[in-house]
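1. 3D model of this:
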Amino acid sequence: MKDGHADLRRGVALLVEARDIAMEVNEKLQFLVEENHQGLGHVMEAEGQLRKAVDDMKASPPDAGQNPDDSPLEALTDLATEIDRLRSKLGSAAAKVDEAGGSFDRAKVRLSEIERRQLRALKLDKAASERLARSRTGTATRGVGANISSERVIKNEKERFKETIDEALKVRKAMEDLTAPDAGLGDSIEKVADANRKTQEAKAKVKSTTPKIIESAVMLKSGYKPAYESSAASRRKEVVDKAREEIEKAKAFLREIEDPLEAAKKADAKSYDSARDSDDKVEDLNHKRLGDRSKDELVPELADLRVRVSDPKQPPPSMDDLRGEDKGSKAIPPKFRSGLGNASSDQTER
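-> Sure, this is the predicted structure:
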């Protein structure tokens, strides 16, 4: 049983390490989602300037407003490198979760061995009881009651051990779902990666369109406007028609931005929702399942859990003896003390 708890301890330690990495990934993920959202805002600001520039264009008489400025796009950076780092970190967390599964599997094997020893203890308890009865009554036999038996000690601790394994496996499953590349944090990372990619595509489209809109605005102000003003009334219609064609060309350039910008908006919304969902899962895992405790709190050093049975002719051992405090060892955790202090002097050493 002590070996089994050591297996559990190793597995839980790995889960706590994975949890800490997942919390770090989640914190950075939230930051990247917000950074992409702000970056998309810069793209929309630059696109708004292009739209205003086109709206200010006039064909009769030809004119245009202020040239658009795409400088807001300079504040937008590509997040791909930081997203790759998150993928790598999450991969290391997933590896620890997988490794923890091996520790829990070994603990389950110990459980099977404990169950076999429980059955053996039942037979030994019965045989010992019968021998003790014969020694007290000569040839007659009678049942000898005892406050506790070896089989009962093993059974009680086995059941607690099994409950602990079951809970550990539930936490591992939650961690597995959280750190999977296609679910939980992994899915959120891919969604922010998609949002970043689409935001960069929208940025590139706005940036490439800006000089085209500026060119149309310059043509209207510096080309068609002077030509209109210097032309005779009979020829102004021809200048207006050319100015109108220039404006339609600028509007066509502007429409080319709509699809990539809309795709970036949708991807941004999805990444935001996914990140909030992942944040809730991390909080649930940490506070409800792991109690927001550190590795040192969750994975204490195990005390010596060997059960010491007193000599039948001597008084039962005190709790201090059972805890090993006379030798300076650590106290047995309360979970493993049940029944030990009630050891009867009728018990023999097994």
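2. When you work out contacts or count neighbours from here on, use the C-alpha atoms and nothing else.
-> OK.
3. And the closest residue to residue 227 other than its chain neighbours, how far from residue 8?
-> Nearest residue to residue 227 in three dimensions, chain neighbours excluded: residue 239, at 7.0 Å (C-alpha to C-alpha, 6 or more residues apart in numbering). From residue 239 across to residue 8, the span is 84 Å (C-alpha to C-alpha, to the nearest Å).
4. With neighbour numbers in mind, choose between those two.
-> Neighbours were counted for residue 239 and for residue 8 using other C-alpha atoms under 10 Å; residue 8 has more, 26 against 22.
5. Now do the contacts for the residue nearest to residue 227.
-> 224, 227, 228 (C-alpha atoms under 8 Å, 6 or more residues apart in numbering).
6. what's the answer for residue 201, then?
-> residue 260.
7. What's the mean pLDDT across whatever helix or strand it lives in?
-> Using DSSP states H and E, residue 201 maps to helix 184-218. On average, the pLDDT along helix 184-218 is 96.
8. Tell me which residues of it come out buried.
-> Using 16 or more other C-alpha atoms under 10 Å as the test for burial, helix 184-218 gives 184-203, 205-207, 209-214, 216-218.
9. Check which element follows that helix along the chain.
-> Trace forward from helix 184-218 with DSSP H and E and the next one is helix 225-230.
10. Got phi/psi on the closest residue to residue 76 other than its chain neighbours?
-> Residue nearest to residue 76 in three dimensions, not counting chain neighbours: residue 39, with 5.0 Å by C-alpha to C-alpha, 6+ apart. Main-chain torsions, residue 39, degrees, to the nearest 10: phi -60, psi -40.
11. What ranges does the protein have for its strands?
-> Taking DSSP state E as the test, the strands found in the chain are 58-59, 62-63.
12. Any chance of a markdown table for these, columns distance to residue 154 and mean neighbour count?
-> Shown next, in a markdown table, are the strands of the chain (distance: least, C-alpha to C-alpha, whole Å; neighbours: other C-alpha atoms under 10 Å):
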| stretch | distance to residue 154 | mean neighbour count |
| --- | --- | --- |
| strand 58-59 | 91 | 20 |
| strand 62-63 | 93 | 24 |
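13. Switch these over to CSV; also include mean pLDDT and distance to residue 49.
-> Formatted as CSV, those follow (pLDDT from 0 to 100; distance: least, C-alpha to C-alpha, whole Å):
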stretch, mean pLDDT, distance to residue 49
strand 58-59, 94, 16
strand 62-63, 94, 17
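14. quick one on the thing from earlier: the residue nearest to residue 76 touches residue 79, doesn't it?
-> No - with contacts counted by C-alpha atoms under 8 Å, residue 39 stays clear of residue 79, the gap being 10.1 Å.
15. Neighbour count for these two, which is higher?
-> Using other C-alpha under 10 Å as the criterion, residue 39 and residue 79 rank with residue 39 on top: 23 against 18.
16. how about that one, what does it touch?
-> Going by C-alpha under 8 Å, 6+ apart, the list of residues near residue 39 reads 73, 75, 76, 77, 199.
17. let's see it at 10 Å
-> 33, 45, 72-78, 196, 199-200, 203 (C-alpha atoms under 10 Å, 6 or more residues apart in numbering).
18. ok, so of those, who is nearest residue 113?
-> Minimum distance to residue 113 across the contacts of residue 39 is 49.6 Å, recorded for residue 33 (C-alpha to C-alpha).
19. burial of that closest one, as a residue count?
-> By other C-alpha under 10 Å, the residues close to residue 33 number 27.
20. how many other residues sit next to the closest residue to residue 251 other than its chain neighbours?
-> Excluding its sequence neighbours, the residue lying closest to residue 251 (C-alpha to C-alpha, 6+ apart) is residue 54, at 6.6 Å. Residues near residue 54, counting by other C-alpha under 10 Å, number 26.
21. check contacts around residue 54.
-> 48, 64-68, 213-214, 216-217, 247-251, 253-254.
22. Now render the contacts of residue 239 as JSON lines, adding pLDDT and distance to residue 154.
-> Output for the contacts of residue 239, formatted as JSON lines (pLDDT from 0 to 100; distance: C-alpha to C-alpha, whole Å):
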{"residue": "224", "pLDDT": "94", "distance to residue 154": "97"}
{"residue": "227", "pLDDT": "93", "distance to residue 154": "102"}
{"residue": "228", "pLDDT": "92", "distance to residue 154": "102"}
